[in-house]
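S.K.: Kindly generate the corresponding structure for this input.
(2 chains)
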Amino acid sequence: MPYLFQLYVEPMRKFQLAAEGHGERQPPEHLRQRIKDTLDPLPIWYAPFEGTMIDEDEYPVHALTQRPMAMYHSWGTQNAWLRQIHGRNPLYVPTKIWEANDFQEGDWAKVTSHHGEITVPVAHMAALNENTIWTWNAIGKRKGAWALKENAPEANKGFLLNHLIHELLPSKGDGMRWANSDPITGQAAWFDLKVKIQKADPPPDVSQPSFDPIKSPVGQGPDDLAWEVGK
Amino acid sequence: MTALPQKTDKKLGLVIDLDTCVGCHGCVTSCKGWNTQNYGAPLSDKDAYGDPSGTFLNRVHSYEVQPDNGGAAQTIHFPKSCLHCEDAPCVTVCPTGASYKREEDGIVLVNENDCMGCGLCAWACPYGARELDQIAGVMKKCTLCVDRIYNENLPEEDRIPACVRTCPAGARHFGDLGDPNSDVSKLVAERGGMDLMPELGTKPVNKYLPPRPKDTLDCSQSLEPVATEATGFLGWLDKALEKL
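M.R.: Reported below is the predicted structural model:
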């Protein structure tokens, strides 16, 4: 099957042309420069906004998170099976950072952004950009959430990067706060996060921050399952 | 002790492409979905919503490889299920005759009515491909979806194992590896398909296609340049793009 791959996206250029002063409809002045810079009709790269607004010497490491593929094709049945495929999510750390911090298997790390701090288990990963750490998204759960039991690994060693990601970009001092999101799609800028990482000594018992359990509105699931659908 | 057939008419099995497998676990979930409700006892899960442990006929293990030659480290996703060995040690070790290899197509199965859950076959299998279901107390293993592949109630395109049917990367193939002219046999020949641990003499039917190194560019199949000097529209486009 032929596939049409559209490199040049005309609607983007229309916005950009308006920002350059063409046509009757003009963007508000305070948005003009950003539209000009980012609504380019061709694929371009520019530095993540958050990174340009914080001290990158203080927060030198990119932190990424992606939802596990296993959950895409069965998201509707987030269940006992998927929990066994991805029930734990260490923070994957590249060799350079691993060695610089003298990490060992089983260690925990304190990860700090301009917005917050988490303390989480780490694992070494060589096949990784040397300035990037990452983990699976959507594994960490608050205790009691999803009607899981107290011993669920997701609620003890699981974690999310959400605590590090602010909804807004850092203040520019002009009284305006900009959304920390992609200027084209409005998607939260998950991949723009910059952090610093250090060994957590002593390590905590459970990932931090840790909140009180929430009460399940649906009770608890059965201990054991032996599904035989349709009988 | 249970005897193996002298020879089988076919050698049905899987060819798994480690170069294209992305580790999505689609095959793991579709396998469990089909096989929990058809052949034999359901595939159970203990402490399903606590710290769970369940029965799977197919699992994906992910490994990281750091080549000795300093090449780029890479992640290898390795789907693992029964290899339907020609010389299956899980069959010959079975004290009740529950484990057997079919003469017509080479599929290794467990007759659950005769299985007493002694676990000897799981110990004998060097690949860790059998799991004793903790609730049913019988041995579970890949059936190559024997209840799909000959099932005339299913549309023809579904008469393949569930894992092969679902693989979104096209990394799993099913066919007769005893026929040198089958698509799977040709694929194995072309891509240097491997046996797992051949030194053990189990003669596995399933084959694995090796992953290619990620940091080397094979230019032998690249296209010849169509022109040395760009003219006409393409010449204009080339100049325009260069100016950017």
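S.K.: Check for me that residue A:135 belongs to a strand.
M.R.: Yes - using DSSP: H, G, I helix; E, B strand; the rest coil, the assignment for residue A:135 is a strand.
S.K.: Tell me the spacing between it and residue B:22.
M.R.: 18 Å (C-beta to C-beta, to the nearest Å). No exception for glycine: its C-beta is placed from N, CA and C like everyone else's.
S.K.: can you list the residues of chain B near chain A?
M.R.: B:22-26, B:28-29, B:32, B:36-37, B:41-54, B:56, B:60, B:64, B:66, B:72-75, B:135-136, B:166, B:168, B:244 (C-beta under 8 Å from any C-beta of the partner chain).
S.K.: Next secondary structure after the one helix or strand residue B:77 maps to?
M.R.: If you go by DSSP states H and E, residue B:77 is part of strand B:74-80. Counting by DSSP H and E, the next helix or strand C-terminal to strand B:74-80 is helix B:89-92.
S.K.: tell me which residues of that next one are tucked away?
M.R.: B:89, B:90, B:91 (16 or more other C-beta atoms under 10 Å in any protein chain shown).
S.K.: now do stretch A:34-42
M.R.: For stretch A:34-42, by 16+ other C-beta under 10 Å, it's A:35, A:36, A:38, A:39, A:40, A:41.
S.K.: closest to residue A:157 among the residues you listed?
M.R.: residue A:38 (38.2 Å; C-beta to C-beta).
S.K.: How about the closest one: what's its closest non-neighbour residue?
M.R.: Nearest non-adjacent residue to residue A:38, counting by C-beta to C-beta, 6 or more residues apart in numbering or on different chains: residue A:183, 4.4 Å away.
S.K.: Which positions in chain A make contact with chain B?
M.R.: Residues of chain A lying near chain B (C-beta under 8 Å from any C-beta): A:42, A:68-70, A:72-74, A:79-85, A:87, A:125-128, A:147-153, A:220-231.
S.K.: Residue ranges in chain A under the pLDDT threshold?
M.R.: Applying pLDDT under 70 to chain A flags the ranges A:1, A:73-78, A:229-231.
S.K.: pull the CA atoms of stretch B:2-13 into PDB?
M.R.: What follows is stretch B:2-13, C-alpha atoms only, in PDB (Å, rounded to 0.1, in the frame of the first residue of the first chain):
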ATOM      1  CA  THR B   2       6.700 -41.900  27.200                       C
ATOM      2  CA  ALA B   3       7.900 -42.600  23.700                       C
ATOM      3  CA  LEU B   4       8.400 -40.000  20.900                       C
ATOM      4  CA  PRO B   5       7.300 -40.800  17.400                       C
ATOM      5  CA  GLN B   6      10.000 -42.000  15.000                       C
ATOM      6  CA  LYS B   7       9.200 -39.200  12.700                       C
ATOM      7  CA  THR B   8       6.400 -36.800  12.100                       C
ATOM      8  CA  ASP B   9       4.600 -36.000   8.800                       C
ATOM      9  CA  LYS B  10       4.900 -32.300   9.400                       C
ATOM     10  CA  LYS B  11       7.000 -30.100  11.700                       C
ATOM     11  CA  LEU B  12       4.600 -27.300  12.600                       C
ATOM     12  CA  GLY B  13       6.300 -24.400  14.400                       C
END
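S.K.: Now the least confident helix or strand in chain B by mean pLDDT - C-alpha only, CSV.
M.R.: None of the helices or strands of chain B scores lower by mean pLDDT, DSSP states H and E than helix B:232-243, at a mean of 87. Provided in CSV are the C-alpha atoms of helix B:232-243 (Å, rounded to 0.1, in the frame of the first residue of the first chain):
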residue,chain,number,x,y,z
GLY,B,232,14.8,20.7,-14.4
PHE,B,233,12.3,20.7,-11.5
LEU,B,234,14.5,18.5,-9.3
GLY,B,235,17.4,20.8,-10.0
TRP,B,236,15.4,23.7,-8.8
LEU,B,237,14.1,21.8,-5.8
ASP,B,238,17.6,20.8,-4.9
LYS,B,239,18.8,24.4,-5.0
ALA,B,240,15.8,25.7,-3.1
LEU,B,241,16.3,23.1,-0.3
GLU,B,242,20.0,23.8,-0.1
LYS,B,243,19.2,27.5,0.6
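S.K.: all helices for chain A, in order.
M.R.: Ranges of helices in chain A, per DSSP state H, are A:10-19, A:29-38, A:49-53, A:69-72, A:80-85, A:95-100.
S.K.: and among those helices, the most buried is which?
M.R.: helix A:80-85 (a mean of 22; mean count of other C-beta atoms under 10 Å in any protein chain shown).
S.K.: list the helices and strands it packs on?
M.R.: helix A:69-72, helix B:26-35, strand B:45-46, strand B:53-54 (3 or more C-beta pairs under 8 Å, 6 or more residues apart in numbering or on different chains; DSSP states H and E).
S.K.: re earlier: more neighbours: residue A:135 and residue B:22, which one.
M.R.: Taking other C-beta atoms under 10 Å in any protein chain shown, residue A:135 and residue B:22 do not tie; residue A:135 has more neighbours (24 against 14).
S.K.: Grab the nearest non-local neighbour of residue A:35.
M.R.: Excluding its sequence neighbours, the residue lying closest to residue A:35 (C-beta to C-beta, 6+ apart) is residue A:19, at 3.9 Å.
S.K.: Settle this for me: that neighbour is touching residue A:30, isn't it.
M.R.: No - Residue A:19 lies out of contact with residue A:30 (C-beta atoms under 8 Å); the separation is 11.7 Å.
S.K.: from the buried residues of helix B:89-92, which is closest to residue A:110?
M.R.: residue B:90 (48.1 Å).
S.K.: Might one say that that closest one is in contact with residue B:127?
M.R.: No - using C-beta under 8 Å, residue B:90 is not in contact with residue B:127; the gap is 9.4 Å.
S.K.: how many other residues sit next to the residue nearest to residue B:2 when sequence neighbours are not counted?
M.R.: Leaving aside its chain neighbours, residue B:2 sits nearest to residue B:94 (4.4 Å; criterion: C-beta to C-beta, 6+ apart). Other residues near residue B:94 number 24, with proximity taken as other C-beta under 10 Å.
S.K.: Report the secondary structure state of residue B:94.
M.R.: coil.
S.K.: So for it, what's the pLDDT?
M.R.: In this model, residue B:94 is scored at 97, pLDDT.
S.K.: For it, give me its contacts.
M.R.: B:1, B:2, B:100, B:120, B:121 (C-beta atoms under 8 Å, 6 or more residues apart in numbering or on different chains).
S.K.: which residue sits closest to the fourth one in space, ignoring its chain neighbours?
M.R.: Read that as residue B:120. residue B:93 (4.9 Å).
S.K.: list the contacts for residue 54?
M.R.: No chain was given, so I picked chain A. A:114, A:170, A:194.
S.K.: think we crossed wires, I meant chain B
M.R.: A:80, A:81, A:84, A:225, B:43, B:44, B:45, B:46, B:48.
S.K.: from these, which is closest to residue B:216?
M.R.: So of the contacts of residue B:54, ranked by how close each gets to residue B:216 (C-beta to C-beta), first place is residue A:84, at 35.9 Å.
S.K.: And the strands in chain A, which stretches?
M.R.: Using DSSP state E, the strands of chain A run over A:61-66, A:91-93, A:108-112, A:117-124, A:132-136, A:194-199.
S.K.: wouldn't residue A:61 be in contact with residue A:98 here?
M.R.: No - the criterion here is C-beta under 8 Å, and residue A:61 misses it with residue A:98 at 12.0 Å.
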